[in-house]
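S.K.: mind folding the following:
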Amino acid sequence: MASKYGMAPGSGFARRFIAGETIEEAVACVKDLPAKGLHLTLDYLGESVADAAAASAAAADYVQIINAIVASGIERNISLKLTQLGLDVDKATAVDNMRRILEPADASGFFVRIDMENSPYTEATLEILDTLWRQGHRNVGTVIQSYLKRSPEDIRQLNVHGVRVRLVKGAYKEPKNVAYQKKAEVDAAFVELMQTLLDEGTYPAIATHDPDMIEATKAYAKSKGIANDRFEFQMLYGIRRDLQTSLVKEGYRMRVYVPFGKQWYPYFMRRLGERPANVAFVVRGILSDRG
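M.R.: Numbers count the residues shown, from 1 in each chain. A predicted model of the protein is given here:
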């Protein structure tokens with residue numbers, strides 16, 4: 001069935017990257033992942049909510065999603081964005097909605113990852129995470145972007161507290177005073193932060209589709225005698241499925257980030273439109289995929 005955006009996520013190009021519009025469709029899409037040795041995290045798409053009522057509705061949706069995941073028997077791991085939960089309204093609204101989600105999530109043994117958005121939200125995201133952590137919510141983690149120049153200090157602080165970090169390169173268009181602009185600089189920062197996380201972090205997630213970054217991670221872990229179960233790799237649903245399969249065969253933990261929801265089209269087009277490199281990334285991912 002076509003969505004209001006005129007394109008059905010259940011077919012063609014979109015279906016490769018989006019696991020449907022409903023939690024039922026998403027569950028059906030990921031049911032076979034454990035048999036392939038893959039772990040998962042579900043991301044209910046939505047961001048930049050402008051009013052408290054919409055943020056509250058999104059939190060209620062997440063509670064229903066948590067219940068549906070429990071009933072389905074799939075892995076209990078979700079990712080979310082704070083602007084979907086009212087961060088643009090104020091921090092208190094986002095914190096309150098996070099508590100509404102974390103209470104049933106904690107009770108049911110979920111891990112909840114707070115995704116990192118563009119740099120104007122970095123400080124507020126980390127402050128909210130710290131608030132929740134101090135209130136005893138410990139089954140929650142976040143994301144750090146290697147292209148941000150502030151990231152080494154952010155990772156140091158998160159490691160001190162034992163917060164689980166997903167490391168990514170970063171996909172938003174950022175000014176040069178905030179973020180590295182050259183690929184070589186971003187890659188060098190990624191490797192440095194990966195090494196810090198493997199040395200000092202708590203079960204870090206190395207989220208990349210770049211074979212060079214994957215090989216650098218494997219080599220560093222081996223050189224330091226770091227066991228494969230002390231970290232995991234993560235990739236997007238539908239991207240480099242061949243690499244996902246090969247990492248599992250080599251004995252590494254591999255988690256697939258699975259987006260779903262009615263906001264799939266705005267999400268997809270915004271990600272592609274805000275930074276031209278994202279378009280090239282998707283095309284390369286498809287052409288390189290031998291899975």
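S.K.: gap between the nearest residue to His161 once chain neighbours are set aside and Lys169?
M.R.: Excluding the flanking residues, the one nearest His161 by C-beta to C-beta, 6 or more residues apart in numbering is Trp133, at 6.3 Å. Backbone N, C-alpha and C define where each C-beta goes, glycine included. According to C-beta to C-beta, to the nearest Å, Trp133 and Lys169 sit 25 Å apart.
S.K.: of those two, which one has the most company?
M.R.: Lys169 (20 against 17; other C-beta atoms under 10 Å).
S.K.: all strands of the stretch 151-291 of the chain, in order?
M.R.: Taking DSSP state E, counting those that start in this stretch, the strands of the stretch 151-291 of the chain run over residues 165-168, 205-207, 232-236, 254-260.
S.K.: could I get those as CSV with mean neighbour count and distance to Thr41?
M.R.: Output for the strands of the stretch 151-291 of the chain, formatted as CSV (neighbours: other C-beta atoms under 10 Å; distance: least, C-beta to C-beta, whole Å):
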stretch, mean neighbour count, distance to Thr41
strand 165-168, 24, 9
strand 205-207, 23, 9
strand 232-236, 22, 8
strand 254-260, 23, 6
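S.K.: between those strands, which gets nearest to Leu158?
M.R.: For the strands of the stretch 151-291 of the chain, proximity to Leu158 was assessed by C-beta to C-beta; strand 165-168 is nearest, at 5.5 Å.
S.K.: how far is the closest one from where the chain is centred?
M.R.: Computed by C-alpha atoms, centre = their mean, to the nearest Å, the separation of strand 165-168 from the middle of its chain amounts to 8 Å.
S.K.: same thing with stretch 126-144?
M.R.: That offset, for stretch 126-144, works out to 15 Å (C-alpha atoms, centre = their mean).
S.K.: same check, this time on stretch 99-116
M.R.: 14 Å.
S.K.: and that stretch, C-alpha only, in PDB?
M.R.: The C-alpha coordinates for stretch 99-116 follow below in PDB (Å, rounded to 0.1, in the frame of the first residue of the first chain):
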ATOM      1  CA  ARG A  99      11.300   8.600  31.500                       C
ATOM      2  CA  ARG A 100       7.900   7.400  30.200                       C
ATOM      3  CA  ILE A 101       9.800   5.200  27.700                       C
ATOM      4  CA  LEU A 102      12.600   4.100  30.000                       C
ATOM      5  CA  GLU A 103      10.300   2.900  32.800                       C
ATOM      6  CA  PRO A 104       8.700   0.100  30.800                       C
ATOM      7  CA  ALA A 105      11.900  -0.400  28.800                       C
ATOM      8  CA  ASP A 106      13.900  -1.000  32.000                       C
ATOM      9  CA  ALA A 107      11.300  -3.300  33.400                       C
ATOM     10  CA  SER A 108      11.400  -5.400  30.300                       C
ATOM     11  CA  GLY A 109      15.200  -5.600  29.900                       C
ATOM     12  CA  PHE A 110      15.500  -3.200  26.900                       C
ATOM     13  CA  PHE A 111      18.600  -1.300  25.900                       C
ATOM     14  CA  VAL A 112      17.800   2.200  24.600                       C
ATOM     15  CA  ARG A 113      20.200   4.200  22.500                       C
ATOM     16  CA  ILE A 114      19.700   7.900  22.200                       C
ATOM     17  CA  ASP A 115      20.800   8.800  18.700                       C
ATOM     18  CA  MET A 116      22.900  11.900  18.200                       C
END
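S.K.: returning to what we had before: helix/strand/coil for the residue nearest to His161?
M.R.: Following DSSP: H, G, I helix; E, B strand; the rest coil, Trp133 is assigned to helix.
S.K.: identify the residue nearest Thr93 in space, chain neighbours excluded?
M.R.: Gly86 (3.5 Å).
S.K.: how far away is that neighbour from Ala58?
M.R.: Distance from Gly86 to Ala58, by C-beta to C-beta: 8 Å.
S.K.: burial measure for Arg230, as a count.
M.R.: Arg230, neighbours per other C-beta under 10 Å, totals 14.
S.K.: that one contacts Thr202, correct?
M.R.: No - contact criterion C-beta atoms under 8 Å: Arg230 and Thr202 do not qualify, at 9.3 Å.
S.K.: so what's the residue count around Lys81?
M.R.: When neighbours are counted by other C-beta under 10 Å, Lys81 comes out with 23.
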